[in-house]
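>>> structure for this input, please:
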Amino acid sequence: MPYLGTSRGRLINPLNDSLTKSDPLVLAEECFSSISKKNRYNGHTSTPYTVGQHTLILLRIAKLFEHYVPDYENLKQTILYHDMHEAFIGDMPRPLKAVLPEYAAFEDQIALKVQACLWMDLDAPSEYSLKFLNILDTEICATWEMPRYNVGFYYGTVTTVDDYVRDVTKMLYNLSYRDLIDPDSMKKATSDIHQLIGDFEVIAQMPWEDVETKLMRHFNNDV
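Numbering: from 1, shown residues only. Presented below is the predicted three-dimensional model:
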């Protein structure tokens, strides 16, 4: 049987109902422990950058719009849980998933099992939250992650803070173009984009233990 050992000493078979029937707090601890150490981009980054750090950065962006979205708590939970399944099946790069439909379907199956446990009594991810997440999750790669960590065609290039400010601002404006955020509200929320970039840098330098702790605080709404 395909049992996987976890950081909390459990043996999990992701193909059966082990994930769905887990204790939500234990499963969250296991997932956060894993994704706070698991590197993105198959490790092709100039310095370590984990799935957990990526999640915290998306949550930091969402916080900007706490008062401008229909249901901030739903958006926050959608972001917090969107990569939790990678604790059990890893982080497959998008270009490969695009040509491996069977793997993509398997990933969706595992993700639904994890979410079924962790969402508990919460409302399921809304269509709005999923659209919001999809834009951020796609565009943060080109606007912050790949330039910041010299991935792909950014290898060897020098990117300044002003470049990050320009690109991240453009990314956030896309929320307005997609009718997810009112343009005036977006301007108010992102009035200090330099501070946002500074927060990104703080998250980028966190040790994995601090990343795990901060993710658990989000899980417990103690942030």
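>>> tell me which element the residue nearest to the spatial centre of the chain is part of?
The structure's the chain has its C-alpha centroid closest to residue 55; by C-alpha atoms, centre = their mean the separation is 3.0 Å. Element membership for residue 55 (DSSP states H and E) is helix 51-64.
>>> what helices or strands is the very next helix or strand once past that helix leaning on?
Toward the C-terminal end, the helix or strand that comes next after helix 51-64 (DSSP H and E) is helix 72-81. Here helix 72-81 touches helix 51-64, helix 101-118, helix 127-140, helix 208-219, going by 3 or more C-beta pairs under 8 Å, 6 or more residues apart in numbering; DSSP states H and E. All C-beta spots, glycine's among them, are computed from the backbone N, C-alpha and C.
>>> least confident of these, on average?
Looking over these, mean pLDDT reaches its minimum on helix 101-118, with a mean of 88.
>>> residues touching that one, excluding its own?
When contacts are taken as C-beta atoms under 8 Å, 6 or more residues apart in numbering, the neighbours of helix 101-118 outside the stretch itself are 14, 17, 19-22, 24, 27-28, 31, 81, 84-85, 87-89, 92, 96-98, 125.
>>> redo that, cut-off 10 Å
For helix 101-118, the surrounding residues in contact (C-beta atoms under 10 Å, 6 or more residues apart in numbering) are 14-28, 30-31, 77-78, 80-90, 92, 94, 96-98, 100, 122, 124-125, 219.
>>> now the residues you listed: which count as buried?
Neighbour counting by 16 or more other C-beta atoms under 10 Å classes 14, 18-19, 22, 27-28, 30-31, 77-78, 80-89, 125, 219 among the contacts of helix 101-118 as buried.
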